[in-house]
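> I'd like to go over a predicted model; first the sequence, then the structure.
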Amino acid sequence: MILHIKNMVCDRCIMVVRQQLQNIGLDVSEVNLGSATVQPEPDREQLSLISSQLKLLGFELLDNEKDQMVERIKSLIIEKVHHSDLADTHLNFSQYLSGGLNKDYAYLSRMFSDAEDTTIEKFIIQQKIEKVKELLEYGELNLNEITWKMGYSSSAHLSAQFKAITGLTPSQFKASGKTNRKAIDKI
């Protein structure tokens with residue numbers, strides 16, 4: 001059985017969820033961002049226990065199809081933005097999401113907007129800006145390299161989006177020395 005879990009955004013989340021499910025006595029065959037495959041299929045009492053244990057750790061067991069789909073959309077976006085190099089793909093997110101979820105993008109977009117009170121496009125931009133903040137803080141790449149790595153067409157485009165979201169230019173953000181990054185699952 002596949003369990004859909006909200007707020008799984010990193011490798012540590014995967015590790016913690018795996019450990020928790022194993023502690024409950026389930027055989028965990030696979031854990032990915034947003035889901036875990038377990039055997040045997042949990043009964044109602046076990047699902048309640050799983051839900052309460054995950055809630056203590058900041059996760060949420062999703063039980064309706066709409067919430068599951070929204071979480072899958074978020075997981076695909078987070079995986080691509082935070083755990084891969086967008087420069088290599090010059091990715092079209094609408095095609096990526098449609099293909100990855102086998103659903104029409106217009107349907108996914110409406111569902112996401114209804115559930116999250118924002119658009120998929122704005123969510124992608126917010127995720128990309130958080131990743132840019134991280135890269136600026138590390139100081140290993142200059143703005144042109146970050147622009148390329150994040151799949152932006154130009155540093156001017158990146159800077160404009162960055163300022164629209166943060167109120168600062170990338171240079172001002174870096175010079176401020178403040179780390180006002182948001183947790184991925186809070187975006």
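Yes, it's here. Residues are numbered from 1 along each chain as shown.

> just for this protein, where's the confidence low?
The chain contains residues with pLDDT under 70 at 87-90, 178-179, 181-187.

> which parts of it are strands?
2-6, 27-32, 35-39, 60-62 (DSSP state E).

> show me what contacts Thr169?
Contacts for Thr169 (C-beta atoms under 8 Å, 6 or more residues apart in numbering) come out as Ser159, Phe162, Lys163. All C-beta spots, glycine's among them, are computed from the backbone N, C-alpha and C.

> among the residues you listed, which lie within helices?
Among those, the members found in helices (DSSP state H) are Ser159, Phe162, Lys163.

> centroid-wise, who is the farthest residue in this protein?
In the chain, Glu45 marks the outermost C-alpha relative to the chain mean, sitting 29.6 Å out by C-alpha atoms, centre = their mean.

> tell me the centre residue of the chain?
Ile78 (2.8 Å).

> so it makes contact with Val9?
Yes. Counting by C-beta atoms under 8 Å, Val9 is a contact partner of Ile78 at 5.5 Å.

> about what we covered before: what's the separation between the residue farthest from the centre of the chain and Gly25?
12 Å (C-beta to C-beta, to the nearest Å).

> does Val132 touch Trp148 like I think?
No. The criterion here is C-beta under 8 Å, and Val132 misses it with Trp148 at 12.0 Å.

> give me the more crowded residue out of these two.
Val132 (26 against 18; other C-beta atoms under 10 Å).

> for this protein, just list every one of the helices.
Assigned by DSSP H, the helices in the chain fall at 11-24, 44-56, 65-83, 93-101, 105-116, 120-138, 143-149, 155-166, 170-176.

> out of these, which gets nearest to Thr37?
Closest to Thr37 of these is helix 11-24 (C-beta to C-beta; 9.8 Å).

> and that closest one, what does it pack onto?
strand 27-32, strand 35-39, helix 44-56 (3 or more C-beta pairs under 8 Å, 6 or more residues apart in numbering; DSSP states H and E).

> make it 6 Å
strand 27-32, strand 35-39 (3 or more C-beta pairs under 6 Å, 6 or more residues apart in numbering; DSSP states H and E).
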